[in-house]
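>>> no letters, just coordinates:
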């Protein structure tokens, strides 16, 4: 069994990032990994897990409804519960697919990785005319009288 479960969006990830999913996971652990790659793989792992849940419920319902099953074993409550579970899993799957699709559509192309912006700080130098010079600390203070 592969340590990386397949997802329905693996081909999209490979197309955008230019590598297989295992290779992308290796690249994501590096210190210079793209934040978009890290986020995409995180969403992908949630999607893969959710798709596995959908498949488990589907397979359980198919097994319960198989032609070789005894009709007396059918339970409306069990099927209702499975339907609710399946609905929740499908909603989650759709949400993860939408989030990952949006990320892949809106992220900058891999060749335009975010680079640190180098800011230059301009220094302005000017001399003030004498009238604009700051006043001495006690300017305007009343002088004490000497007696």
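Ah, there it is. Nothing here was measured: the structure is a model prediction, and the numbers come from that model.
>>> find the residue closest to residue 73 in space, skipping its chain neighbours.
Spatially, and ignoring its direct neighbours in sequence, residue 73 is nearest to residue 64 (7.7 Å; C-beta to C-beta, 6 or more residues apart in numbering). C-beta here means a position set from N, CA and C on the backbone, and glycine is covered the same way.
>>> what about that neighbour, distance to residue 82?
8 Å (C-beta to C-beta, to the nearest Å).
>>> for residue 66, same thing?
14 Å.
>>> please say which of the two ends up with more neighbours.
Between residue 66 and residue 82, residue 82 has the larger neighbour count (other C-beta atoms under 10 Å), namely 16 against 8.
>>> that one contacts residue 63, correct?
No - between residue 82 and residue 63 there is no contact under C-beta atoms under 8 Å: 10.7 Å.
>>> any idea how far residue 42 is from residue 81?
30 Å.
>>> likewise for residue 74?
With C-beta to C-beta as the criterion, residue 74 and residue 81 are 13 Å apart.
>>> name the helix or strand for residue 52, please.
helix 35-64 (DSSP states H and E).
>>> next, the buried residues of the helix or strand following that helix.
Using DSSP H and E, the helix or strand that follows helix 35-64 in sequence is helix 76-106. By neighbour count on 16 or more other C-beta atoms under 10 Å, the buried set for helix 76-106 is 82, 85-86, 89-90, 92-93, 96-97, 99-100, 103-104.
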